[in-house]
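> Any chance you could fold what I've pasted below:
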Amino acid sequence: MTSETKLSDPSDSKAFRQALGCFPTGVTIITGRDPETHAAVGLTVSSFNSLSLHPPLVLWSISARSPSLPAFGPGRSQRIHVLNAQQADLARHFASPKPDKFQGVSLHTDQPADAPPQLADCSVVFHCVTDRLIEAGDHFLVIASVRGYQAFEADSLVFCRSLFLSSESLSRING
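Modelled structure (predicted):
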């Protein structure tokens, strides 16, 4: 056995994506409103992460080619929904390019009409405003200020190696 290891070529996008898929992530759906039409937009995002406690900031990424990008520009409101372990079908639904992703989806109805839609039954919902966008390769990093959140007692959905898992199934390792 040698001390040197051959590195894989990160320009092989498919292999690089598979390697990244070895890292378990939470699964979120982020909703907003188109700034021109005010139509609801939503997408599945696994790049969500905490950034700062003081001030409360979170971060996620969106493709520079995404038609939803304008909905998440600086000053725009958004809702970040941490999905519960039973919402894998919802994650798949919002990951697709369907024209009306909200048709047939359970929403909280006590929200202002101009607010980003709030999905029902999630583990946590963060109410945020985009602080800034930072261009990074073929994506933008969205840094958002957390204005409030609602946490519910539910196991979260986790994604790893192209599989959906529950946070409860991961906790058995410690227990």
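> and Asn174, what pLDDT?
We have a pLDDT of 54 for Asn174.
> For Lys6, the count of nearby residues, please.
Neighbours of Lys6 under the rule other Cβ atoms under 10 Å: 6. The way it works is simple: take the backbone N, C-alpha and C, and place the C-beta from them, glycine included.
> Quick check: the gap between it and Lys14.
Applying Cβ to Cβ, to the nearest Å, the value for Lys6 to Lys14 is 18 Å.
> which SS class is His127?
strand (DSSP: H, G, I helix; E, B strand; the rest coil).
> I meant to write Lys6 there.
coil.
> Show me the shaky parts of the chain.
Applying pLDDT under 70 to the chain flags the ranges 1-4, 22-23, 160, 163-165, 167-175.
> Quick check, central residue of it?
The centroid of the chain falls nearest to Val45 when counting by Cα atoms, centre = their mean (2.8 Å).
> Surely that one and Val58 touch.
No: using Cβ atoms under 8 Å, Val45 is not in contact with Val58; the gap is 10.9 Å.
> Residues in contact with both of those two, list them for me.
Ile80 (Cβ atoms under 8 Å, 6 or more residues apart in numbering).
> which residue ranges form the helices in this structure?
Along the chain, counting by DSSP state H, helices occupy 13-20, 88-95, 167-171.
> just so I know, which of the ones you listed lies nearest Ser123?
Nearest to Ser123, of all these, is helix 167-171, at 8.2 Å by Cβ to Cβ.
> Thanks again, I'm all set now.
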